[in-house]
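[1] predicted model and sequence follow; I will ask about them next.
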Amino acid sequence: MAAIEILSLEKTYQVGFWRKRPKLALRPLRLTIEEGEVFGFLGPNGAGKTTTLKLLMGLVSPTSGSARILGMDLDDPRMKAQIGFLPEQPYFYDHLTAQELLNYYAQLSGVPAKDRARRVTSMLERLGLGGAARTQLRKYSKGMLQRVGLAQAILHNPKVVFLDEPMSGLDPMGRREVRELIQELRNEGKTVFFSTHILSDAEALCDRVAVIHQGELRGVGAVAQLTAQSQGQIEIIFCAQSVPAALSALGAQARVSGEMVNAVIPEEQQDAALDVLRREHIRLLSLTPVRSSLEEYYVQKLRPLENGKGAGA
Amino acid sequence: MNSRIGYVAFNTFREAVRDRVLYNLIVFALLISGAAVLVGEISIDVERLVVINLGLTSVSLFGVVIAIFIGIGLVSKEIDRKTLYTVLSRPVRRWEFVVGKFFGLTGTLVVNTFFMAIGVFLALLYVAHHFEKADLSVLAALYFIVLEFLIVCALALLFSSFSTPLMSAVFTFALFIVGNLADDLHSIARSTTGLAGALSTALAYLVPNFSAFNIVNQAAHGDPVPGRLLLYNTIYAALYSAMAISGAVLIFQRRNLK
């Protein structure tokens, strides 16, 4: 069974006070995310990522279309008991302590009373907030609030977790911890749907990604597949203080840094390049095919659209 | 009560307490004790009347101000601060949230009124040196004030479900004032005919009839309160608040949380 099925979900807002005019936030979106998948939802700011998440959480109603999570409708309380949600830049009741807040959310999520205290304590420990459990949230830093946000999203052991920009506002250590947490969720068999514009995070964590821009889905696929495409080039790293002329003649684009040269040559010149190195008694350090990064895929998908917008403007 | 409504209500109550809403009790305590001492010094035979009048009017005004100023922010503040997102993404229905918020605020007001009532009775004991059976009508007046708070809270919630906090405060306060003049509106309706008569009759029945809840003078004079009035006012307050809350739920149900 699919964990999330988005069936032509569409949202148009009415903006303006006197003369209402439509503003398209999301064109009909079709997506299926399988159980146990870590799915990245990529796009620049204002692309429609948060709108999609709000539609899935039932915070805004769709103009048309529908979606199902774990085979249930979006307004089904049984489904909501099995999902967790971290909004972008989450705000919480700042008069509560982290412990009280998590206890309140555990109550609302239907966690049995006998398990609540244990679950809250272990979650605070897991997110490194054990020492600040009894501190009111108004005294928390942005990074600590983000951790509280993550804690409340997974507190009730949900099957599907939605994270809206989970790395936002975190320092490098915090980002690393969130990445590890997502890995743990994957290992526990949970489905994770997260939106981000930090491509390295998506590349490191996701099984599949979708790219959205101006409310429209521009591409979707497995990260391994998108990044495995060879670009027809080979990267050679060898020990030398300058680039051999014979290698330059093969069309190598080289960069010298100290005692090391990093050269990129066309794939068909690989054997000839190795012959040059052998002939000149140069020590080869590595030879790897150049593959696309997720960033290149993303840029390739969005650059024509951005250029088109610029030309039209 | 549905347990989720209870959890939301308790959180609302806790928020009000931590936001130092109950600090108004200190001002009230100073006011009522000062009045009791002053009245005890200067008046002859009317101490009881003055203390009850001043005490009950203060209870009502303090409570209405709290009901309006917290009531208008109950839902809108949660939308603005986005605290609602992590609540409504759980198995909490929107109507449960609104009703929970309403009960949380009315619970706060009941606790607040309870402590104020203790203040009123202590002041009464100070000036009269004893309680009498007629003081039971003070209890009835306090009960009616609490019923009045239910309606004011419900109206504040209703207005805040579609309007800005400032406009909601203005609407609710205006309706509170007009509602206290409901008896006069009914008199005008009876004395006019035609379109004006129809409009004033409609208005008289539409606005909450707060004048029926105001028995401060009767209580001060120790007049007994008929059981029928207790019943009617209870039913009226329950129905009126239920209608206002239903309106708030209907509007909130359709609202997009951008």
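    Done, it's in.

[2] can you tell me how far the residue sitting furthest away from the middle of chain B is from residue B:200?
    Note on chain B: the largest C-alpha distance from the chain mean falls to residue B:194, namely 34.7 Å (CA atoms, centre = their mean). For residue B:194, the distance to residue B:200 (CB to CB, to the nearest Å) stands at 10 Å. Quick note: C-beta positions are derived from backbone N, CA and C, even for glycine.

[3] what mean pLDDT does whichever strand or helix holds residue A:24 get?
    If you go by DSSP states H and E, residue A:24 is part of strand A:21-34. Taken as a whole, strand A:21-34 has an average pLDDT of 93.

[4] and for stretch A:255-269?
    Mean per-residue pLDDT for stretch A:255-269: 88.

[5] residues in contact with that stretch?
    Here stretch A:255-269 makes contact (CB atoms under 8 Å, 6 or more residues apart in numbering or on different chains) with A:230, A:232-243, A:247, A:250-254, A:273, A:285, A:289-290.

[6] show the end-to-end separation of it, please.
    Taking CA to CA, to the nearest Å, stretch A:255-269 runs 18 Å from one end to the other.

[7] distance from it to the middle of the chain?
    Taking CA atoms, centre = their mean, to the nearest Å, the mean C-alpha location of stretch A:255-269 is offset from the chain mean by 32 Å.

[8] buried stuff in it?
    For stretch A:255-269, burial by neighbour count (16 or more other CB atoms under 10 Å in any protein chain shown) applies to A:261-263, A:265, A:269.

[9] cool, and stretch A:125-134?
    A:126-127, A:129, A:132-133.

[10] also stretch B:127-140?
    Under the neighbour-count criterion of 16+ other CB under 10 Å, stretch B:127-140 has B:127, B:135, B:137-138, B:140 buried.

[11] CA atoms only: put stretch B:247-258 into PDB for me.
    Provided in PDB are the C-alpha atoms of stretch B:247-258 (Å, rounded to 0.1, in the frame of the first residue of the first chain):
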ATOM      1  CA  GLY B 247     -21.300  30.100  14.300                       C
ATOM      2  CA  ALA B 248     -17.600  30.300  15.300                       C
ATOM      3  CA  VAL B 249     -17.100  26.600  14.500                       C
ATOM      4  CA  LEU B 250     -18.800  26.900  11.100                       C
ATOM      5  CA  ILE B 251     -16.600  29.800  10.100                       C
ATOM      6  CA  PHE B 252     -13.400  28.300  11.500                       C
ATOM      7  CA  GLN B 253     -14.200  24.900   9.800                       C
ATOM      8  CA  ARG B 254     -13.900  26.600   6.400                       C
ATOM      9  CA  ARG B 255     -11.000  28.800   7.100                       C
ATOM     10  CA  ASN B 256      -7.700  28.300   5.300                       C
ATOM     11  CA  LEU B 257      -4.700  28.500   7.700                       C
ATOM     12  CA  LYS B 258      -2.300  30.300   5.400                       C
END
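
[12] is it positioned near chain A?
    Yes: counting by CB under 8 Å from any CB of the partner chain, contacts between stretch B:247-258 and chain A involve B:254, B:256-258.

[13] what residues of that stretch count as buried?
    Neighbour counts over stretch B:247-258 (16+ other CB under 10 Å) mark B:247-249, B:251-252, B:257 as buried.

[14] biggest helix in chain B by residues?
    Ranked by residue count under DSSP state H, the longest helix found in chain B is helix B:94-128.

[15] if we can go back for a sec, mind checking which of the buried residues of stretch B:127-140 land in helices?
    Using DSSP H, the members of those that fall in helices are B:127, B:137-138, B:140.

[16] now name the helix or strand holding residue A:224.
    Using DSSP H and E, residue A:224 falls within helix A:223-228.

[17] dump the residue contacts of the residue of the stretch 151-300 of chain A found nearest chain B.
    Residue nearest to chain B within the stretch 151-300 of chain A (CB to the nearest CB): residue A:152, separated by 5.9 Å. By CB under 8 Å, 6+ apart, residue A:152 lies in contact with A:84, A:86, A:92, A:101-102, A:105, B:86.

[18] if we can go back for a sec, so what secondary structure elements neighbour the longest helix of chain B?
    Helices and strands touching helix B:94-128, by 3 or more CB pairs under 8 Å, 6 or more residues apart in numbering or on different chains; DSSP states H and E, are helix B:3-18, helix B:24-42, helix B:47-71, helix B:85-88, helix B:136-160, helix B:227-253.

[19] will you turn these into a markdown table that also has distance to residue A:63 and mean pLDDT?
    Shown next, in a markdown table, are the helices and strands packed on helix B:94-128 (distance: least, CB to CB, whole Å; pLDDT from 0 to 100):
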| stretch | distance to residue A:63 | mean pLDDT |
| --- | --- | --- |
| helix B:3-18 | 29 | 93 |
| helix B:24-42 | 46 | 80 |
| helix B:47-71 | 32 | 90 |
| helix B:85-88 | 19 | 95 |
| helix B:136-160 | 26 | 95 |
| helix B:227-253 | 17 | 96 |
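
[20] so which of those helices comes closest to residue A:199?
    Minimum separation from residue A:199 across these (CB to CB) falls at helix B:85-88, 25.6 Å.

[21] and chain A, is the closest one touching that?
    Yes: against chain A, helix B:85-88 shows contacts by CB under 8 Å from any CB at B:85-88.

[22] I'd like the residues you listed as a markdown table, with neighbour count appended.
    Converted to a markdown table, those look like this (neighbours: other CB atoms under 10 Å in any protein chain shown):
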| residue | neighbour count |
| --- | --- |
| B:85 | 22 |
| B:86 | 25 |
| B:87 | 21 |
| B:88 | 20 |
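
[23] same question for stretch A:124-144, mean pLDDT?
    The pLDDT scores in stretch A:124-144 average 91.

[24] could I get it in CSV with only the CA atoms?
    Extracted C-alpha coordinates of stretch A:124-144, given in CSV (Å, rounded to 0.1, in the frame of the first residue of the first chain):
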residue,chain,number,x,y,z
LEU,A,124,13.5,14.6,25.2
GLU,A,125,16.7,12.5,25.8
ARG,A,126,16.8,11.3,22.2
LEU,A,127,16.7,14.9,20.9
GLY,A,128,19.3,16.1,23.5
LEU,A,129,16.8,18.2,25.5
GLY,A,130,16.8,16.2,28.7
GLY,A,131,18.6,18.9,30.6
ALA,A,132,16.1,21.6,29.5
ALA,A,133,13.0,19.6,29.9
ARG,A,134,11.6,21.8,32.7
THR,A,135,12.6,25.1,31.0
GLN,A,136,9.8,27.3,29.5
LEU,A,137,10.0,27.3,25.7
ARG,A,138,10.3,31.1,25.7
LYS,A,139,13.9,30.7,26.9
TYR,A,140,14.8,28.2,24.1
SER,A,141,17.1,29.1,21.2
LYS,A,142,15.9,28.6,17.6
GLY,A,143,17.9,25.4,17.3
MET,A,144,16.4,24.0,20.5
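
[25] what about the residue nearest to residue A:95 when sequence neighbours are not counted, distance to residue A:271?
    Closest residue to residue A:95 apart from its sequence neighbours, by CB to CB, 6 or more residues apart in numbering or on different chains: residue B:18 at 4.1 Å. Distance, residue B:18 to residue A:271, by CB to CB: 75 Å.

[26] sounds good, over and out.
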